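Asker: Here is my input; please provide its structure:
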Amino acid sequence: MGVKWIGRWLGKGLQGAVSEAPRVVVLPSGRVTIARTLDCLGAACPRPQLLTLKVMGQLQEGEVVELLSDNPATVETLPALMFTLCGTHLATVKEEDCWRVYMRKGI
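Answerer: Numbering: from 1, shown residues only. Okay, here's the model as predicted:
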């Protein structure tokens, strides 16, 4: 059977959660342009991680992704995922009802 389920998770079912409206945000490290926003509110592991993998594969080197999550376990795993992908975890910002995690493709 292998890992065929990953293909299903990375397929059509996850496309509605990605927004491609570039905008600039100010992080503790400075201003960055967000290339894509991943809305993972209400989603549990591994969906946010798999969506992050999919989107990172579509980005150009240096582009930044913003992930919205209300799941603490998801937020805790993303810095390690960026290390594994040779990406950069820029910041995690806690808001009233969610976290915003900022990640750059590449170092």
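Asker: can you map out the helices along the protein?
Answerer: Using DSSP state H, the helices of the chain run over 4-9, 47-58, 72-84.
Asker: got the angle between the second one and helix 72-84?
Answerer: The one in question is helix 47-58. 30 degrees (axes from the mean of the first three to the mean of the last three Cα atoms, to 10 degrees).
Asker: Figure out how far helix 47-58 is from the centre of its chain.
Answerer: Centre-to-centre, helix 47-58 and its host chain are 6 Å apart (Cα atoms, centre = their mean, to the nearest Å).
Asker: contact partners of it?
Answerer: Under the contact criterion Cβ atoms under 8 Å, 6 or more residues apart in numbering, helix 47-58 has outside partners 6, 9-10, 14, 17-18, 36, 38, 40, 43, 65, 67, 69, 71, 74, 77-78, 81, 85, 87, 103, 105. Every residue, glycine included, has its C-beta placed from N, CA and C.
Asker: Now the buried members of those residues.
Answerer: By neighbour count, with 16 or more other Cβ atoms under 10 Å, the contacts of helix 47-58 hold 9-10, 14, 17-18, 36, 38, 40, 43, 65, 67, 69, 71, 74, 77-78, 81, 87, 103, 105 as buried.
Asker: Sort out for me which of the residues you listed are in strands.
Answerer: 18, 36, 38, 65, 67, 69, 103 (DSSP state E).
Asker: Can you tell me which of those residues lies closest to residue 29?
Answerer: Nearest to residue 29 out of those is residue 103 (Cβ to Cβ; 12.6 Å).
Asker: Tell me what the closest one is bridged to.
Answerer: residue 65, residue 89 (DSSP bridges).
Asker: For it, give me its contacts.
Answerer: Residues in contact with residue 103 (Cβ under 8 Å, 6+ apart) are 52, 56, 64-65, 67, 78, 82, 87-90.
Asker: Export the residues you listed as JSON lines, with columns for distance to residue 26.
Answerer: Output for these, formatted as JSON lines (distance: Cβ to Cβ, whole Å):
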{"residue": "52", "distance to residue 26": "22"}
{"residue": "56", "distance to residue 26": "23"}
{"residue": "64", "distance to residue 26": "13"}
{"residue": "65", "distance to residue 26": "17"}
{"residue": "67", "distance to residue 26": "17"}
{"residue": "78", "distance to residue 26": "20"}
{"residue": "82", "distance to residue 26": "20"}
{"residue": "87", "distance to residue 26": "21"}
{"residue": "88", "distance to residue 26": "17"}
{"residue": "89", "distance to residue 26": "17"}
{"residue": "90", "distance to residue 26": "12"}
